[in-house]
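Need a 3D model of the following:
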Amino acid sequence: MLMTALFLSSCGDRSDQNAQNSGVEEVQEEVELEGAVTPETSPVIQPVTTPQQLPEGNVQLPEIDPLEVEGDISIAGSSTVFPISLAIYENFIQYGYAGKIKLDSIGSGAGFRLFCEEGESDISNASRPIKEEEVEACTAIGRQPIEFRIGTDALAIVVNPANEFITNVTKEELATIFTAEKWSDVNSDWPNEIIERFVPGEDSGTFDFFVEEVLDDNGQRLLNAPNTELSEDDNYIEQNVASNSNAIGFMGYAYYKQNANELKILSIEEIVPSPEVIENGDYIFSRPLLIYSDANVIRNKPQVGHFINFYLNNVNKIIEEVGYFPSSSQTLDASKNRLLEVME
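Have a look, this model is predicted:
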């Protein structure tokens, strides 16, 4: 397993090592923050002096002073949700939290295994709803997963900017593109060139979402497709599509937005993802962004509940800057009510 590790200490030192992958690999990005630091890469929540005051919605969570929160927190899961959680907890530390938070980007499926089978994480990031068998695994170790929706993502289908023959595709064409050998196998007017595919790994909620929507939930069709590389590292997918004129891939919209100058996004059924079409449901590749925890974890480790409180109160302030789409006040209120029920 290749690992990209990022450690920030109280004095703000940062080290970053990026590894290259090929084939089917599990790539983990691990971040640990401790002490009070000033975040340099994530959006800062405003206003700084009163981070808990939100005008959104009707449900008010109790104010939490991060300076008074003690104890460590472990978070793992979706690479798609990772940058949102990263921005939230860097701000949590900026406001005074002095404990340690460990955040692992290992994919939704691996995150649920860590949360439900091993019971080692306090919060599970996910870009898809938890599956029935994962709930059963949680139940077997005495956990009942509680879902908190924190935003919406759009799946981006991307090609190399040098690709001039494709700008829009249908779902039916996508199914063929991600299983055929050559572009001309999809459309005889397209080049007689091999299709190079770069896609998220099987542990990714992004993989699950695409397979369900495009390939009738038959992941083997994509896994068995020629010239297909899988990786849990979205940066690896972006870099390979950006450097290969015959490549295609898919990723969360935030990763496309960060690299829009190096990638070309395709419209699907003549619709390009935007806040408007995501909100009204016209774009077919939109999906919920979620975090999960457990009532006993929240009660036995109050710092977890305090962090989720801070998360829900502030996520809509930073989520668009990260690259995703905010939840409606009604949806966010539902998540807040779930937390209040546990904290009573």
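
Contacts only, for the most centrally placed residue in the chain.
Centroid-nearest residue in the chain: T80, 1.5 Å away (criterion: C-alpha atoms, centre = their mean). Listed by C-beta atoms under 8 Å, 6 or more residues apart in numbering, the contact set of T80 reads N125, S127, D153, S204, G205, T206, D234, G252, A254, L289. (Each C-beta comes from the backbone N, C-alpha and C, glycine too.)

now swap in P275 and tell me
P275 sits next to E320, F325 when contact means C-beta under 8 Å, 6+ apart.

can you do 10 Å?
Residues counted as contacts of P275 (C-beta atoms under 10 Å, 6 or more residues apart in numbering) are T152, A154, E320, Y324, F325, P326.

pLDDT averaged over stretch 206-226, what's the number?
The average pLDDT within stretch 206-226 is 94.

Going by neighbour count, list what's buried in it.
Neighbour counts over stretch 206-226 (16 or more other C-beta atoms under 10 Å) mark T206, F207, D208, F209, F210, V211, E213, V214, L215, L222, A225 as buried.

before we move on, the earlier item: of the contacts of T80, keep whichever come out buried.
N125, S127, D153, S204, G205, T206, D234, G252, A254, L289.

what's the pLDDT at the third one?
Spelled out, that is D153. For D153, the model assigns a pLDDT of 88.

Would you confirm that it contacts G205?
Yes. Counting by C-beta atoms under 10 Å, D153 does reach G205; the two are 9.3 Å apart.

list residues touching both of the two?
Here D153 and G205 share the contacting residues S78, T80, V81, S127, G252, R287, P288, L289, scored by C-beta under 10 Å, 6+ apart.

Export those to TSV and append columns for distance to N313 and pLDDT.
Shown next, in TSV, are these (distance: C-beta to C-beta, whole Å; pLDDT from 0 to 100):
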residue	distance to N313	pLDDT
S78	21	94
T80	21	90
V81	17	96
S127	22	92
G252	23	87
R287	23	88
P288	19	90
L289	16	95
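
any low-confidence regions in the chain?
Where the chain drops to pLDDT under 70, the residues are 1-56, 279.

count of residues packed around N314?
20 (other C-beta atoms under 10 Å).

Wait, a helix at it?
Yes. Membership of N314 in a helix is supported by DSSP: H, G, I helix; E, B strand; the rest coil.

ok, it touching N91?
Yes. Assessed by C-beta under 10 Å, N314 is found in contact with N91 at 6.8 Å.
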